[in-house]
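Q: Sequence plus predicted model, see below.
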Amino acid sequence: MMALTHFDTKGDAHMVDVSDKAVTARVAVAEGWVRMTPETLTLIEAGTAKKGDVLGVARLAGIMGAKKTPDLIPLCHPLPVTKVAVELTPDRDLPGVRIEATVKTTGQTGVEMEALTAVSTAALTVYDMCKAADRAMEIGGIRVVLKDGGKSGRYEADARG
């Protein structure tokens, strides 16, 4: 089992020293979803939610969330994020909205936390904008599905339903 890197030899939390790591191109993709009633999804698709364009606002919130990650996650390194893309896709089978975020950088550590924060922030924004119509919405499935770059190389998650 690998040791947790955010703890020193005394067991105290610390920011990992990445100064000796190579600067490489890095990318991470995360996904998640917001499950809701079919009626709430119809409001989103029709653009008639009380607070406006749910998917557009959630996309911007996800991008902003990725950029603010080191302000939210205590031991996360501030990184020069070079790309953040957030896609929100209505899914009648869920029913709800599927969210995918892609984050890129060239640096000494990865952008998994930024991708996860983008998905989380977008999902929370969907909830916030639609809670008047559906307080029982559920947020879930948030995970890293791809990470590439750096010493540890490529990681791809197994497909899930």
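A: Thanks, I have it.
Q: and T117, helix, strand or coil?
A: Three-state call for T117 (DSSP: H, G, I helix; E, B strand; the rest coil): helix.
Q: show me the contacts for it.
A: With contacts defined as C-beta atoms under 8 Å, 6 or more residues apart in numbering, the neighbours of T117 are G65, A66, K68, T69, L72, I73. From N, CA and C alone the C-beta is placed, and that goes for glycine too.
Q: Tell me what T105 is bridged to.
A: Assessed by DSSP bridges, T105 has beta-bridge partners R26, V81.
Q: hang on, isn't it packed against P78?
A: No. The criterion here is C-beta atoms under 8 Å, and T105 misses it with P78 at 10.7 Å.
Q: Please report which of the contacts of T117 has the highest neighbour count.
A: Among the contacts of T117, the one with the most neighbours (other C-beta atoms under 10 Å) is A66, at 30 neighbours.
Q: elements contacting the helix or strand harbouring it?
A: Assigned by DSSP states H and E, A66 belongs to helix 54-67. Helices and strands in packing contact with helix 54-67 are listed as helix 38-46, strand 81-91, strand 96-107, helix 112-130; criterion 3 or more C-beta pairs under 8 Å, 6 or more residues apart in numbering; DSSP states H and E.
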